[in-house]
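[1] Next input, structure requested:
(one chain, ligands or ions: 1)
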Amino acid sequence: EQTGKSGYDHFMLKEIHEQPTSLRQCLSGRVDELAGHITVEELTDLETPRSVQFVACGTSYHAAMYAAALLRDGGIPATAYLASEYATANPPIPDDTLVVGITQSGETADTMSALRDANSRGAETLALTNVVGSSAARECDHVLYIRAGPEIGVAATKTFSSQLIGATLLVENLLEETADRELIGALRDLPSNVQAILDNSNAEAVVDDFLESNAFFFIGRGTHFPVALEGALKFKEITYEHAEGFAAGELKHGPLALVTEHTPVFAVVTGNGENAHKTISNIKEVEARDAPVVVVTDGQSDAARYADAVLEIPETHEQMAPLLANVQLQLVAYHMANRLGRSIDKPRNLAKSVTVE
Ligand code: G6P
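    Numbering: from 1, shown residues only. Have a look, this model is predicted:
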C-alpha cells in the first residue's frame, strides 16, 4: 500500500497533489487554444437542450450546483437536485430537457435511480463520470468522462476538481457562442496555478491555531457557495469536527447565533466586484463576534485586511477561482485531520461509493 501512495502519507494527499496532472488529462485534446475552441468529441451529437436538470450526491452535488450556475449564466435554465430528493421533488421535465448525472463512481444508487426515473419520463440523459463503463456511463444517452484516474481516498478531491472542469467543458459545448479567450487562457494556466497553490500553501500552519476549536464555518457567495459547502463537507468527513457551509448572505438569518471566538470562519472571496464586497460585509459581521477569520482570496479585494489568516490563490478567470479556492480548503481539511490523528483515507461510517438508497 505504501508504494501505491508514492511516498505520501495518505492517498488523499497524493490525490490532492495529482491535480495538475488529472486536470491536464481532463483538458487534453478538448481545448484548441489557437482556434479558440472547446470541443468534446463525445458530445458532438448532443443538441443544446431548452433546460437542464442535474442530479448528484455528496461532493458531486456541489459540482452540480456549480454547473447549473454556469448554465444559467449562459442563459439556459438549469437546476441542481440532490439525487435522493429528485423523486420526491418530482420536478416537471419540460420537453427538450437534458438530465445530467454527476457521479464520480457512476454507481451511486440514488443518482442511478434519479437518472432512470428521468429516462423513463422521456428525458435525454448524460453521465459526467470518472469510471469508464460504469452503470451511469452505460445507461445514459451520452457520457462525458472527467479522466481523473482512480481515486482511492474516500473523500473526493481530484475528482471534484475534474468535475468542475468537466462541467465547464459541457457548458461550453452547450452554449452556442464561441468560448471566451480569457477562459481558454485560464484553462491553459489551470494546472500550473494549482501547482503554485500546492507548492506554497500555508494551510498546515493555519489549522494549527484551531486544534481546540469546536465548530468550523465556511462561507461563500455565487459559485463560491458550492465551494463553501464542499469545504465543510471535506472537513467534517475526515476531521469528525462539526463543520457547516453557508451562503455568505445567509449567516445573518440564523447561523450567526453560533458564531463565537471559538468558531473559525473560512471565507472565500475573489475578484473585487459586488459579490466580493458583500462577502466582506459578512466577514465583518463574524469578526465583530470575535470569530477567527481565514480568507481564501486572490488578493484583488481588501478582504485580507479583515482576516486573521490568509490562504492565497493566483488571480484567474472568475469561473476557475472556485476550483483554486477549493484546493486550499482540501489542504485545510487534510492537515487538520492529520493533526488530529484521524483515519484520513477511510473515514469512519463512510464508503467511497454508496450502492443503497
Ligand atoms: C459517497 C462518497 C462521497 C461522494 C458521494 C457521491 O458518499 O463518500 O465522497 O461524493 O458518495 O459519489 P459519486 O460516485 O456518485 O460521485
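
[2] Residue numbers of the stretch 251-357 of the chain in contact with the ligand?
    Residues of the stretch 251-357 of the chain that fall close to the ligand, judged by Cβ under 6 Å from any ligand atom: 350-354. Bear in mind the C-beta positions are built from the backbone N, C-alpha and C, glycine included.

[3] Please, a ChimeraX command that selects the buried ones among the residues you listed?
    To isolate the buried ones among these in ChimeraX, judged by 16 or more other Cβ atoms under 10 Å, type:
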select :354
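
[4] In the residues of the stretch 251-357 of the chain next to the ligand, find the pair that's most separated.
    In terms of Cβ to Cβ, these reach their longest pairwise distance at L350 and S353, which sit 10.5 Å apart.

[5] pLDDT below threshold where in the chain?
    Applying pLDDT under 70 to the chain picks out residues 1-3.

[6] Backbone torsions only: list them for the closest residue to the ligand within it.
    Nearest residue of the chain to the ligand, counting by Cβ to the nearest ligand atom: G58, 2.8 Å away. Dihedral pair for G58: phi 60, psi -130, per degrees, to the nearest 10.

[7] Surely it touches A156?
    Yes - the pair formed by G58 and A156 meets the contact definition of Cβ atoms under 8 Å, at 7.3 Å.

[8] More neighbours: those two, which one.
    More crowded of G58 and A156, by other Cβ atoms under 10 Å: A156, with 28 against 22.

[9] quick one, helices of the stretch 201-350 of the chain?
    With helices called from DSSP state H, counting those that start in this stretch, the stretch 201-350 of the chain shows them at 203-207, 224-239, 274-287, 321-339.

[10] coming back round to it: what I need now is the residues of the stretch 251-357 of the chain next to the ligand written out in TSV, including secondary structure for each item.
    Converted to TSV, these look like this (DSSP: H, G, I helix; E, B strand; the rest coil):
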residue	secondary structure
L350	coil
A351	coil
K352	coil
S353	coil
V354	coil
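
[11] For the stretch 51-200 of the chain, which residues are neighbours of the ligand?
    So the stretch 51-200 of the chain meets the ligand at 57-60, 103-105, 108, 111, 154-156 (Cβ under 6 Å from any ligand atom).

[12] Give me the subset of those residues that lies in strands.
    Using DSSP state E, the subset of these located in strands is T103.

[13] okay, among the residues of the stretch 51-200 of the chain next to the ligand, which ones form the most distant pair?
    Top of the distance list for those (Cβ to Cβ): T111 and A155, 18.0 Å.

[14] Next, find the distance separating Y145 from H277.
    Note on Y145: its distance to H277, by Cβ to Cβ, to the nearest Å, is 39 Å.

[15] neighbour-wise, which of these two wins?
    Using other Cβ under 10 Å as the criterion, Y145 and H277 rank with Y145 on top: 20 against 14.

[16] re earlier: in helices, which of the residues of the stretch 51-200 of the chain next to the ligand fall?
    58-60, 111 (DSSP state H).

[17] In contact with the closest residue to T125 other than its chain neighbours, which residues?
    Using Cβ to Cβ, 6 or more residues apart in numbering and skipping residues adjacent in sequence, the residue nearest T125 is C140, 4.2 Å away. Residues in contact with C140 (Cβ atoms under 8 Å, 6 or more residues apart in numbering) are 101, 115, 119, 125-127.
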